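Trainee: mind folding the following:
(chains A and B)
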Amino acid sequence: MGRYVLRRLLQAIPVFIGTTFLIYLMVWGLPGNPFAGRCGQRPCPDAYIQRMTEKYHLNENIISQYFWYMSHLVRGDFGETFTGVSVNSLLAQAFPVTLRLAIVAIAFEALIGIVAGVVTGLRKGRFIDNLVLVSTLFLIAIPTFVTGALLQWVLGVEWGIIKPTVSSEARWSELIVPGFVLASVTMAFVTRLTRVSVVENRRADYVRTAVAKGLTESRVTGVHLLRNSLIPAVTQLGLDLGGLMAGAIVTEGIFNIRGIGGMLFMAINRQDSALVVSIVALLVLVYLVVNLIVDVLYAVLDPRIRYE
Amino acid sequence: MTDLLVAGEPASQPAGAPNAHLLEVEDLRVEFRTLDGVAKVINGVSLHLDAGETLAVLGESGSGKSVTAQAIMGILDSPPAFITGGAIRFKGNDLLKMSREERRLVRGEGVAMIFQDALSALNPVFTVGFQIAELFRKRRGMSRADGMRRAAELLDRVRIPNAKGRVKAYPHEFSGGMRQRVMIAMALALDPEVLIADEPTTALDVTVQAQIMELLAELRRERNMGLILITHDLGVVADVADRISVMYAGRIVEEAGVYDLYRKPSHPYTLALLNSIPRLDLKGQRLNTIKGLPPNLLRIPPGCPFHPRCSMAQEICQRELPPLRELSGGRTSACHFAEELNRE
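Mentor: Below is the predicted model of the structure:
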């Protein structure tokens, strides 16, 4: 296992270089000078354009530009935005917020999704099963901006249970409703995936063996059945965790959360190439790490998956 | 004076159940309620088993032998399976009348079972040691470490090489034969009085089959267990069984000691089964088979269920269901012409 992790980390290096280079190319390689049109109605002063062109090494070819950028990045320096603000400080503000929101969302997805999946899988065809099937169908079919706006209005405005928007500190308690909104679709998928695999596995031979051993029902279900039924849910959760770390533009927008998603959206809107590249570089890193963690988790859940 | 009369009785019988067999199945009936209708899978099966005895239950696929075993273990999938009648007495107590909890405690400790396909019957995500030690931990209150130690001892007993090192291995890391040994070790963990082996060697190659059968016979002797061996393989049972019950369409059609049954079958189905064993001295000739298919259990034919395939069938066979009758020599048969067959 240790060797596998090491190998995966080594493999991550070319992936990281490749993706960041592509992004760099796509953002900076566009024809024209990105600073020419930044001064509103008037043309920008030459002095400004020249200063910025030198600052971002735009006179050199794109490969050496990229090397200049990477030489800073590997030292942990994400550079400066076009307005001269340190990207590191921006990320340090936004990323913890996104992380908290992602944790809240993944907790909803895992807890509610798996519990509902097991309960309905064991009671296939009964009332509770149909109820959950219909409600998950709703959750999957309704877009996040509808659930988000609806909950914000009902809970925040009409009933006044929550504050309609999240403060700039983005405390855990404020993130519960936005986290639920963000989780809703994946939660429904996890429920259905878990349900199907519980239905499949509860008739499996090894479950029958566990019963024949004279184990209690709770042990048969909670240990023998559950462990085997979790694998599809973990796949779904793992895929989603990477996405959640990349921020949630819609949910963040509705609840006014200052996370990575909103920041990236803003950076693209303002055509701040330096900020866009740095945010994406961070997201690639996070994605690689999350993926590795999920792959290792697989091997823990199912020993038949061996990484040698 | 009365004491003298009682003295001849076996002393080991539990109170309240004089002369009871260790395990006794009486007139068991099971049906599967499916969308296509009600399949009568078991139609009045009676069996008995004593300590140290080996009973083979023989029959084609779909004859109800595995369902009988699962009914005894209480692991039928219900629905669709429902027990509609009969009794299963273990040491005189009817398992079918017990509470769920009492029944659970009989499993593994009173009656244990091993399955046909050990790969799918063992949980793929836990080590074999964990799966065996689980029994010691949950049923005997042992610690994890003690449980693992006992698991290693058991694996060693079923002759798995390097048992101490192998407790931490997963089922897929064993060969087919070794996996079945793990299964056997697991079934023996709580010292069961009855072991049911449901086609334990079907998934294995022939040399390994013999080793597993030998191991089962040896363990039965050593522990004085009752062993029910479910199989469709006549070759497998000949060496190890004491008695054989032949099943057809959810009924027992013949029961006899091994020697009697092989020498002189008294049911046409048994005879046909024996004739269909490939023989070396008849090499090159067409293999004898039983014509036709086992009956659809949704529509069992009237009269004797075997009559459409029977070479001896008469008019009475289409009308009257032959009851299982006792013949001379302590054997039974459910054929109208059992005596004629027996005389030949």
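Trainee: and what about residue 82, helix, strand or coil?
Mentor: Unless you meant another one, I'm taking chain A. At A:Phe82 the chain is in coil, as set by DSSP: H, G, I helix; E, B strand; the rest coil.
Trainee: the chain in question should be chain B.
Mentor: Per three-state DSSP, B:Phe82 ends up strand.
Trainee: and the pLDDT for it?
Mentor: Note for B:Phe82: predicted pLDDT of 90.
Trainee: for the one 5 residues further on, same thing?
Mentor: The predicted structure scores B:Ala87 at 90 on the pLDDT scale.
Trainee: B:Met178 versus the residue nearest to B:Gln180 when sequence neighbours are not counted, what's the distance?
Mentor: Distance criterion C-beta to C-beta, 6 or more residues apart in numbering or on different chains; nearest residue to B:Gln180, sequence neighbours excluded, is B:Ala118 at 4.6 Å. Every residue, glycine included, has its C-beta placed from N, CA and C. In this view, B:Ala118 and B:Met178 are 9 Å apart by C-beta to C-beta, to the nearest Å.
Trainee: with neighbour numbers in mind, choose between those two.
Mentor: Between B:Ala118 and B:Met178, counting by other C-beta atoms under 10 Å in any protein chain shown, B:Ala118 is the more crowded of the two (26 against 21).
Trainee: B:Met186 is in contact with that one, correct?
Mentor: No: applying C-beta atoms under 8 Å as the test, B:Ala118 and B:Met186 come out as separate, 9.5 Å apart.
Trainee: skipping adjacent residues, who's closest to residue 229 in space?
Mentor: Looking at chain A here, since you left the chain open. A:Ser197 (4.3 Å).
Trainee: hmm, no, I was thinking of chain B.
Mentor: Spatial nearest neighbour of B:Leu229, excluding adjacent residues (C-beta to C-beta, 6+ apart): B:Ala56 at 4.6 Å.
Trainee: that neighbour - that's part of a strand, no?
Mentor: Yes: counting by three-state DSSP, B:Ala56 is part of a strand.
Trainee: for it, give me its contacts.
Mentor: Residues in contact with B:Ala56 (C-beta atoms under 8 Å, 6 or more residues apart in numbering or on different chains) are B:Ile228, B:Leu229, B:Ile230, B:Thr231, B:Val237, B:Val240, B:Ala241, B:Arg243, B:Ile244, B:Ser245, B:Val258.
Trainee: got the contact list for residue 271?
Mentor: No chain specified, so I'll use chain A. A:Pro34.
Trainee: meant chain B, my bad for not saying
Mentor: For B:Leu271, the contacting residues are B:Pro265, B:Leu341, by C-beta under 8 Å, 6+ apart.
Trainee: any idea which element it lies in?
Mentor: helix B:268-275 (DSSP states H and E).
Trainee: what sits closest to B:Phe337 if chain neighbours are left out?
Mentor: Nearest residue to B:Phe337 in three dimensions, chain neighbours excluded: B:Met312, at 6.0 Å (C-beta to C-beta, 6+ apart).
Trainee: should've said B:Ile72
Mentor: B:Ile88 is the one closest to B:Ile72 (C-beta to C-beta, 6+ apart), at 5.6 Å.
Trainee: what pairs with the helix or strand containing the one you found, and is each one parallel or antiparallel?
Mentor: Assigned by DSSP H and E, B:Ile88 belongs to strand B:81-90. Using DSSP bridges, strand B:81-90 pairs in its sheet with strand B:23-34 (antiparallel), strand B:93-94 (antiparallel).
Trainee: need the ones you listed in JSON lines (columns: mean neighbour count and mean pLDDT).
Mentor: What follows is the strands paired with strand B:81-90, written out as JSON lines (neighbours: other C-beta atoms under 10 Å in any protein chain shown; pLDDT from 0 to 100):
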{"stretch": "strand B:23-34", "mean neighbour count": "19", "mean pLDDT": "91"}
{"stretch": "strand B:93-94", "mean neighbour count": "16", "mean pLDDT": "89"}
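Trainee: what is the neighbour count of residue 272?
Mentor: Using chain A here. When neighbours are counted by other C-beta under 10 Å, A:Asp272 comes out with 21.
Trainee: sorry, I should have been clearer: chain B.
Mentor: B:Ala272: 19 neighbours (other C-beta under 10 Å).
Trainee: for the helix or strand of chain A with the lowest mean pLDDT, buried residues please.
Mentor: Counting by mean pLDDT, DSSP states H and E, the weakest-scoring helix or strand in chain A turns out to be helix A:46-55, with a mean of 82. Of the residues in helix A:46-55, A:Ile49, A:Met52 count as buried by neighbour count, 16 or more other C-beta atoms under 10 Å in any protein chain shown.
Trainee: which residues touch the following helix or strand past that helix?
Mentor: Using DSSP H and E, the next helix or strand after helix A:46-55 towards the C-terminus is helix A:62-73. Under the criterion C-beta under 8 Å, 6+ apart, residues A:17, A:20-21, A:24-25, A:28-29, A:56-58, A:60, A:78-79, A:277-278, A:281 lie in contact with helix A:62-73.
Trainee: check contacts around A:Ile106.
Mentor: A:Ala183, A:Leu237, A:Asp240, A:Leu241, A:Leu244.
Trainee: dump these to JSON lines, plus secondary structure.
Mentor: Shown next, in JSON lines, are the contacts of A:Ile106 (three-state DSSP):
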{"residue": "A:Ala183", "secondary structure": "helix"}
{"residue": "A:Leu237", "secondary structure": "helix"}
{"residue": "A:Asp240", "secondary structure": "helix"}
{"residue": "A:Leu241", "secondary structure": "helix"}
{"residue": "A:Leu244", "secondary structure": "helix"}
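Trainee: next, whatever residue of the stretch 201-344 of chain B ends up closest to chain A: secondary structure please.
Mentor: Residue nearest to chain A within the stretch 201-344 of chain B: B:Ala203 (11.7 Å; C-beta to the nearest C-beta). Assigned by three-state DSSP, the conformation of B:Ala203 is coil.
Trainee: can you check A:Asn130 too?
Mentor: Going by three-state DSSP: A:Asn130 is helix.
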